[in-house]
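Undergrad: one predicted model, sequence on top.
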Amino acid sequence: MHGILPRLIKSLEEIKANLEKASKKLPDEFNVDNILKDLSDIAEKTKVRILFFDPQKTSVSDTAFKFIQMPIKIQVLGDFVNIANFFDEILHLEVMIRINNYDLKNQEPKLDEQKSVM
């Protein structure tokens, strides 16, 4: 009987740690300034430019497990590899961010951005 209590206490501590980690991934509210800062830092790191950032109204999920969600419309500019790296870095943020409804377009560089080879 005495051997069970330490195992239960250890199990409870692990559950509390997992709950704390999960609550950071799915917060009760969003701080738009922090999200913009995180995305700006990632954009700089991955050499992507944020052209448009428009957070939408928060809502509660319509699933059995309830959580707060906030769609964000964002437009970025960069080459394919840098945008892929941008998405990958977003996946590693402390707050869970799901990427959906994206559209990739090939954009011709402007004349002043083109480099000539001699």
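TA: Sure thing, it's come through.
Undergrad: from here on, contacts and neighbour counts on C-alpha atoms
TA: Will do.
Undergrad: residues contacting Ile97?
TA: 90-91 (CA atoms under 8 Å, 6 or more residues apart in numbering).
Undergrad: ok, now with 10 Å
TA: Listed by CA atoms under 10 Å, 6 or more residues apart in numbering, the contact set of Ile97 reads 25-26, 35, 69-72, 87, 90-91.
Undergrad: now, these that are in helices?
TA: 25, 35, 87, 90-91 (DSSP state H).
Undergrad: quick one on the thing from earlier: which among the contacts of Ile97 gets closest to Ile15?
TA: Closest approach to Ile15 among these (CA to CA): Lys25, at 15.4 Å.
Undergrad: in this structure the closest one contacts Arg98, no?
TA: No. Taking contacts as CA atoms under 10 Å, Lys25 lies outside contact range of Arg98: 11.2 Å.
Undergrad: residues making contact with the lowest-mean-pLDDT helix or strand in the chain?
TA: When the helices and strands of the chain are scored by mean pLDDT, DSSP states H and E, strand 68-69 comes last with a mean of 82. Strand 68-69 is contacted by residues 26-30, 56-62, 96-98 when judged by CA under 10 Å, 6+ apart.
Undergrad: how about the contacts of Ile97 in TSV, adding distance to Glu14?
TA: Below are these laid out as TSV (distance: CA to CA, whole Å):
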residue	distance to Glu14
Lys25	17
Leu26	18
Ile35	28
Gln69	27
Met70	29
Pro71	32
Ile72	33
Phe87	31
Ile90	27
Leu91	24
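Undergrad: so how do I select the buried members of those residues in PyMOL?
TA: Of these, the buried ones go into a single PyMOL selection, burial set by 16 or more other CA atoms under 10 Å:
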select buried, resi 26+35+69+70+72+87+90
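Undergrad: of the contacts of Ile97, just say which sits nearest to Thr46.
TA: When those are compared against Thr46 (criterion: CA to CA), the nearest one is Phe87, at 9.5 Å.
Undergrad: surely the closest one is in contact with Gly78?
TA: No. Judged on CA under 10 Å, Phe87 makes no contact with Gly78 at a distance of 11.8 Å.
Undergrad: please, where are all the strands along this protein?
TA: Taking DSSP state E as the test, the strands found in the chain are 49-55, 59-60, 68-69, 72-77.
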